Structure formats: C-alpha cells, structure tokens
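1. Need the 3D shape of this:
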Amino acid sequence: QVQLVESGGGLVQAGTSLKLSCAASGRTFSSRPMGWFRQAPGKGRDFVAAISWSSASTDYADSVKGRFTISRDNAKNTVYLQMNSLKPEDTAVYYCAQGRSPSRSAYDYDYWGQGTQVTVSS
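-> Numbers count the residues shown, from 1 in each chain. Reported below is the predicted structural model:
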C-alpha cells in the first residue's frame, strides 16, 4: 500500500516562493511517475505538474510553466514542487499523486495524498 503525505503549504504574499514536499511510503516510488494537482474552492481538481520515474521527463500546466518546478529524490522517496512568483490565483489545496504514466489526467493516478493548503494573498 502506498501512502503519500504532503507538507510545506501555508499563507504567503504574492510574488514570494514556497516549496511543497510529498513523502511516499512503499517500494514502488522510484519506478512510478508522480504528479501534483490542485483544487481551488468550488472548482475541480486541476493538473499542475508531472515527472517521470527517472526525472527525464517533466510536464507543466500552462498556468504554472516558468514559475513552478517539479523534482524528485528517489533515494528519499520524495517529490517536490518549487513554486516561485506566486499569484493569488495559485491559492488551492495541492495534492501529490502516484500514477501509471506522467499524465495530465487525474484518472491515471492511483494513489493520492491528503493535500496541503496554499494561500496566496495579494
């Protein structure tokens, strides 16, 4: 069984940075792609970023491209999301997920964390 635990969320001002972490249990982490999604109040869960098992491939939503960076450390079973130049519209609960492919679709991810709140004030 895989468990994912996000951390690093908080309340920050626009223009600042935040780094999220997602620690995974289980032996499959190093062989599976990982993704970050977010859900704002009253909205659906949206794709943010994904990374292949080897880190050779990454993908980003257009809304975060150039500002966010996804990375992973397979030795630590951890995936990260570095968020720079934060905007109020980035406010959401951020979820990490382990999937079968580095997809933009939530349906391709089997395991999800509980989420961490990120609030960006203007």
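2. Ramachandran coordinates for P88?
-> Geometry field for P88 lists phi and psi as phi -60, psi -30, criterion degrees, to the nearest 10.
3. contacting residues around it?
-> With contacts taken as CB atoms under 8 Å, 6 or more residues apart in numbering, P88 has the following neighbours: 14, 120-122. Where C-beta positions appear, they are placed from N, C-alpha and C, glycine not excepted.
4. Look up how far G44 lies from it.
-> 19 Å (CB to CB, to the nearest Å).
5. repeat for F68
-> Counting by CB to CB, the separation of F68 from G44 is 19 Å.
6. Settle it for me: which of the two has more neighbours?
-> Ranked by neighbour count (other CB atoms under 10 Å), F68 and G44 place F68 first, with 21 against 8.
7. Identify the residues contacting the spatially closest residue to that one that is not a sequence neighbour.
-> Distances taken as CB to CB, 6 or more residues apart in numbering put M83 closest to F68, at 5.1 Å, once the chain neighbours are dropped. Taking CB under 8 Å, 6+ apart as the criterion, M83 is in contact with 17-20, 64, 67-68, 90, 118.
8. just A14 next, same as before
-> Contact analysis of A14 by CB under 8 Å, 6+ apart lists 86-88, 120-122.
9. I'd like to know which of those are buried.
-> Taking 16 or more other CB atoms under 10 Å as the criterion, what is buried in the contacts of A14 is 86, 120.
10. Dead centre of the protein: give me the residue that sits there.
-> With distances taken as CA atoms, centre = their mean, the residue of the chain nearest its centroid is W36 (2.5 Å).
11. So E89 belongs to a strand, correct?
-> No - E89 sits outside any strand when classified using DSSP: H, G, I helix; E, B strand; the rest coil, being helix.
12. and the gap between it and M83?
-> Here E89 is placed at a distance of 12 Å from M83 (CB to CB).
13. and if you look at R45?
-> Where M83 is concerned, R45 sits at a distance of 17 Å (CB to CB).
14. Closest one of the contacts of A14 to N77?
-> Proximity of the contacts of A14 to N77 was ranked by CB to CB; the top entry is L86 with 26.3 Å.
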